[in-house]
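[1] 3D, please:
(one chain, ligands or ions: 1)
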Amino acid sequence: MNLGVFGLGIIGRVWAENLHRDGEVVRGWNRTPKKDLPFFTADARSAAAASDLLLLVVADPPAVQEVLDRIAPVLRAGQVVVQSSTISPEATLRFAGQVEKTGASFLEAPFMGSRPAAEQRQMVFYAGGDSSVLERARPVLARLSRAIEYIGPLGSASALKLAMNINIAMVAQALCESRALARAAGISDDRYFSALKLNVGHSGLAALKEPKLRSGDITPQFSVKHMAKDLRLAAETAGGLDLPQLKEVMKLYADALARGWAEDDFISLTRLLALRPSAARKEGA
Ligand code: NAP
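    I've put the predicted structure just below:
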């Protein structure tokens with residue numbers, strides 16, 4: 001199978017490298033040229049024309065639109081477009097229509113897992129759409145992942161992905177606030193994390209982010225700007241559903257973006273706790 005990876009950012013680059021290492025024929029396209037990568041192809045349209053399966057993993061709905069507008073003229077029956085960027089159910093349906101009009105098949109396959117999971121081929125994909133299209137994509141997705149969950153019709157996988165990310169953003173904030181309290185009480189990070197591991201509040205997220213929280217490492221596995229985007233898409237998708245904590249967490253992400261932290265890892269929002277004036281101080285001011 002000829003494979004195309006569109007978007008060679010944190011995740012797309014690792015996926016393309018792994019598939020290339022497996023001996024697959026991979027063409028990788030990125031808006032900003034990545035000439036250091038052996039599979040980089042400067043022309044999106046020729047990469048699309050030569051691919052049986054196309055993986056899209058770019059920033060957001062406008063980015064997916066830009067990629068599809070470039071490649072749609074050469075899409076045709078027999079090809080499968082797998083859209084893995086985190087976008088809304090509404091945008092998913094729109095893009096599926098654009099792709100299917102060309103004769104090509106469309107699958108939504110957003111995923112859980114950040115850079116380390118990508119490197120270790122431990123992604124979890126949520127697939128939405130026609131299950132027979134998933135079966136055509138499965139051998140490729142299986143090389144990148146530890147699980148592929150079929151969720152349901154188009155849009156359902158994107159909705160689930162957004163639901164998972166609001167949980168992660170809130171768990172991250174709870175972890176940061178909990179550690180801030182412990183630190184303020186003079187409790188060391190060694191004591192804090194060893195105690196956390198012994199109670200039900202310990203999470204996969206705490207295990208993943210403990211080294212970053214201890215060292216203050218802000219290099220991105222998953223960036224502030226993408227979590228902020230996901231929270232916004234989740235709020236749009238929620239429509240009239242009242243999700244009060246989501247609104248509060250979105251304010252923190254807006255603050256982080258205003259401080260220029262867009263490219264930093266989302267756990268680095270812990271810095272806000274040291275920067276923001278406390279309620280007590282505000283009252284006294
Ligand atoms: P990233 O490192 O920020 O890469 C974003 C990619 O999108 C880059 O290739 C960028 O190209 C491209 N892009 C942005 N705007 C574009 C446009 N208008 N037209 C064409 N290409 C455009 O992002 P990432 O972390 O790999 O994430 C990619 C997607 O996966 C996002 O939807 C994210 O929410 C989702 N996701 C990420 C993770 C994670 O942990 N990293 C986990 C789950 C889901 P340039 O290089 O030219 O800017």
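[2] which non-adjacent residue is nearest residue 250?
    In space, not counting the residues next to it along the chain, residue 250 is nearest to residue 231; the distance is 5.0 Å by CB to CB, 6 or more residues apart in numbering. Using the backbone N, CA and C atoms, a C-beta is placed for each residue, glycine as well.
[3] the helix or strand harbouring the one you found and the ligand, are they touching?
    Taking DSSP states H and E as the criterion, residue 231 maps to helix 224-238. Yes - contact between helix 224-238 and the ligand is present through 226, 230 (criterion: CB under 6 Å from any ligand atom).
[4] name the helices or strands packed onto that helix?
    Using 3 or more CB pairs under 8 Å, 6 or more residues apart in numbering; DSSP states H and E as the contact criterion, the elements in contact with helix 224-238 are helix 89-100, helix 156-184, helix 244-258.
[5] what about the residue nearest to residue 250, neighbour count?
    Other residues near residue 231 number 23, with proximity taken as other CB atoms under 10 Å.
[6] likewise residue 245?
    The burial metric for residue 245, expressed as a neighbour count using other CB under 10 Å, is 12.
[7] go through the helix holding residue 231 and flag the buried ones.
    For helix 224-238, a neighbour-count test (16 or more other CB atoms under 10 Å) marks 224-235, 237 as buried.
[8] got it, and stretch 26-36?
    Within stretch 26-36, the residues scored as buried using 16+ other CB under 10 Å are 26-31, 34.
[9] ditto for stretch 43-52
    Of the residues in stretch 43-52, those buried under the neighbour-count criterion (16+ other CB under 10 Å) are 44, 47-51.
[10] rewinding a little: which of the buried residues of helix 224-238 sits closest to residue 157?
    Using CB to CB, residue 237 is the member of these that lies nearest residue 157, at 12.3 Å.
[11] so the closest one sits against residue 162, correct?
    Yes - counting by CB atoms under 8 Å, residue 237 sits close enough to residue 162 to count as a contact (5.6 Å).
[12] for these two, list the residues in contact with both.
    Taking CB atoms under 8 Å, 6 or more residues apart in numbering as the contact criterion, the common neighbours of residue 237 and residue 162 are residue 88.
[13] per-residue pLDDT of the one residue in the stretch 51-200 of the chain that gets nearest to the ligand, please?
    The ligand sits closest to residue 114 of the stretch 51-200 of the chain, with a gap of 2.8 Å, by CB to the nearest ligand atom. Model confidence at residue 114, given as pLDDT, is 91.
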